[in-house]
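Student: Next input, structure requested:
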Amino acid sequence: MPDLVSPAVRAIQKEAEENPDLFWTKEAEKLHWFRRWNRVLESSIPDFRWFPGGLTNLSYNCLDRHVQEGWGGHAALIAENELGQRRVYTYFQLLTEVKKVAAALRGIGVKRGDRVAVYMPTMPEAIISMLAATRIGAVHIVVFAGFGSGALSDRVRMSGAEVLLTADATWRRGRPTPLWNIVRAALAEPSSPVRKVVVLQRLAETPQLERGRDITWQEFLDSGRGHSTDFEQMEANEPAFILPTSGTTAKPKLVVHVHGGYQVWIRSAGEWVFGEKQSDIWWSTSDIGWIVGHSYIVYAPLLFGSTTVAFEGALDHPGPETFYRIVEENGVSGIFTSPTAVRLLMRYGTEHARRFNLETVQRVFSAGEVLNPPAWAWMQKEVFGDRIPVVDHMWQTETGGPIFGNPYGICLLPIKPGSACLPLPGISFEIRNPDGSRAGPTEKGIVVITRPFPGLTPTIWGDHERYKNEYWGNMPGVFFTGDSGYLDEDGYVWFSGRADEIIKVADHRIGVIEVESAFLRHPAVAEAGVTTHPDKLRGSVIVAFVTLKAGREPSEQIRSELRETVRKEFGPLAVIEEINFVTMLPKTRSGKIMRRVLKAIVLNQEPGDVSTIESQESVEEVRQAWQQIQSQLKSQHPESDQS
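Tutor: So this is what the prediction gives:
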């Protein structure tokens, strides 16, 4: 069987495996260090430190370095929003603004190691605040601006942030969403550690401020006069930021990423997977509240000296053409988006894409969940006419950047739709059975990382024991990703969903993503979420919640066709108990389907923590759809046992 992997990719993988110290030394040397490290890796699993003794600064490498090298006049940030407002910052201008906020943070008493909470949408002041915090050695925690007061309060309290930077509003689908009342409610909690709040006014009505605690953005900047704008030289393992996990499976954990290893990893992965370069105009459609926003809206593009595009709002507002307009008007060369966004655009068809010139786009990447083959085919063939690659890859908040992917930046390998392709250089992994033994060839199992790499989180903020137990304690000696998958005959990795989302039917194991992909093969389906229901005979049967494309209405005919579509894929193995039609699925704000919410509803249980959910209404709609189906079944078969 021919090897699909090019010699260039094999060579760099081999180098990383055989001489990791030399390999990571060369990668780290692509960034600036004020002092060289003592050794590359100091490790006693589960404790490890990359580049100990080395002095660097994440913000310095993003800005000062480029200005000093004569790149100050190049566009660093293009920021747009739904209102049509557009701001462009060169590297020199962005550095100037970051220095102002750095001095202002010092002016209100922020010191090295202090936590600064940022509760703002994807706007320039938020990005500037992140860079300013890392510049002075403070630790930022960005809280997604769609969260309510409870989620904000929890995250601020857990991080111990004494300073909160916020805006009074954000825009979503043309309407202002007030943030200030949410902030006030969150800070009313007696356990709140916040002593100073900075408010950026965007609405006409002046926010009501609490004297002694709250100040305006201008007052904040004024407080920086006379204070140093200089950067701190940070030891490689000092924290740069804290970021809560998305909460798809449990209460969010505060993941820590550090100045040294994190920047080395996201720069290396940006080169290997995304082919990022200084001349790029790069658009990640994510939000800064998520790890994608941190790594590939803010930090990695700036580490490369490229232009990063940041958009505040919905990709289909004021209309489905918004996504394509931004690409054309800014000459975007690389796009990073989510499967949810692809499926959203797919609902509107290709007519909007054809109205715009997309010739500047060289490649498109997707992550967050598996990019199902039908969605991949639509983007690859119908939108871009097979002119460029649409590439899937996989990573987590805990990994900082991609860990599996098609190495476009080294050599694009044959694309297998739905596969995350290969482990990146430096990633050592295994697929294991639940008992810890290694899974056989092509067998589904749990993906574990067998050796630390520079981007891997070294701890959970304030709870290292939880870090050791949850990540390294499930299977001693290896990092437990919690994701299930398998290897095909070519060594490509296929992810099946979270390890607790595997469907077991009559002793067979099917990944929920595989079943959802089968539903998406039907031309009427925009999205599908799948879970299981206990069955006395088979063990489990499948329950699906389906969203149809615009213009398609639920019917028994479509329900019958969907059963047949899935049956063609899996045969009689995939027994579907019910197909429920809904207008929206429960998803996190980052676009991941919250399948545990579906499962809880089907089992008549409380869904638990839903602070990260995009729409509370989606939970109620799913619950009503399920109850309606159960009522119909009970009326048709009153003697049957539906449990």
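Student: Residues touching stretch 204-223, excluding its own?
Tutor: 100-101, 104, 107-108, 125, 165, 168, 180, 184, 194-201 (Cβ atoms under 8 Å, 6 or more residues apart in numbering). From N, CA and C alone the C-beta is placed, and that goes for glycine too.
Student: Can you tell me which of those residues are buried?
Tutor: When burial is judged by neighbour count using 16 or more other Cβ atoms under 10 Å, the buried members of the contacts of stretch 204-223 are 100-101, 104, 107-108, 125, 165, 168, 180, 184, 194, 196-200.
Student: Could you identify the most distant pair in those residues?
Tutor: Using Cβ to Cβ, the buried ones among the contacts of stretch 204-223 span at most 26.4 Å, a distance reached by Lys100 and Arg184.
Student: Name the residues of the helix or strand Glu470 falls within that come out as buried.
Tutor: In this structure, Glu470 sits in helix 464-472 according to DSSP states H and E. By 16+ other Cβ under 10 Å, the buried positions in helix 464-472 come out as 467, 471-472.
Student: Touching that helix from outside, list them.
Tutor: In this structure, residues lying in contact with helix 464-472 by Cβ under 8 Å, 6+ apart are 45-46, 253, 398, 457, 459-460, 478-480.
Student: Convert the C-alpha atoms of it to PDB, please.
Tutor: Below are the C-alpha coordinates for helix 464-472, written out as PDB (Å, rounded to 0.1, in the frame of the first residue of the first chain):
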ATOM      1  CA  HIS A 464      -3.200  21.400  40.600                       C
ATOM      2  CA  GLU A 465      -4.600  18.300  42.300                       C
ATOM      3  CA  ARG A 466      -7.700  18.400  40.000                       C
ATOM      4  CA  TYR A 467      -5.400  18.800  37.100                       C
ATOM      5  CA  LYS A 468      -3.400  15.700  38.000                       C
ATOM      6  CA  ASN A 469      -6.500  13.600  38.800                       C
ATOM      7  CA  GLU A 470      -8.600  14.500  35.800                       C
ATOM      8  CA  TYR A 471      -6.000  14.700  33.100                       C
ATOM      9  CA  TRP A 472      -3.200  12.300  34.300                       C
END
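Student: Show me what whichever helix or strand comes after that helix is packed against.
Tutor: Secondary structure here is assigned by DSSP H and E; on that basis, the next helix or strand after helix 464-472 toward the C-terminus is strand 479-487. If you count contacts as 3 or more Cβ pairs under 8 Å, 6 or more residues apart in numbering; DSSP states H and E, strand 479-487 packs onto strand 429-432, strand 445-449, helix 464-472, strand 493-498.
Student: okay, the shortest one in PDB with CA atoms only?
Tutor: In PDB, the C-alpha atoms belonging to strand 429-432 read as follows (Å, rounded to 0.1, in the frame of the first residue of the first chain):
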ATOM      1  CA  PHE A 429      -0.200   9.600  21.200                       C
ATOM      2  CA  GLU A 430      -1.900   6.300  21.600                       C
ATOM      3  CA  ILE A 431      -5.500   5.000  21.200                       C
ATOM      4  CA  ARG A 432      -6.500   3.000  24.300                       C
END
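Student: what helices or strands is it leaning on?
Tutor: Based on contacts counted as 3+ Cβ pairs under 8 Å, 6+ apart, the elements that strand 429-432 packs against are strand 445-449, strand 479-487.
Student: how about the strands in the stretch 151-300 of the chain?
Tutor: 163-167, 169-172, 175-178, 196-200, 214-216, 234-235, 239-244, 254-258, 281-284 (DSSP state E, counting those that start in this stretch).
Student: looking at those, which is closest to Leu424?
Tutor: Nearest of the strands of the stretch 151-300 of the chain to Leu424, taken as Cβ to Cβ: strand 254-258 at 17.2 Å.
Student: Give me the mean pLDDT for that closest one.
Tutor: Throughout strand 254-258, pLDDT has a mean value of 97.
Student: Could you report the pLDDT at Thr216?
Tutor: Residue-level confidence at Thr216 comes out at 97, pLDDT.
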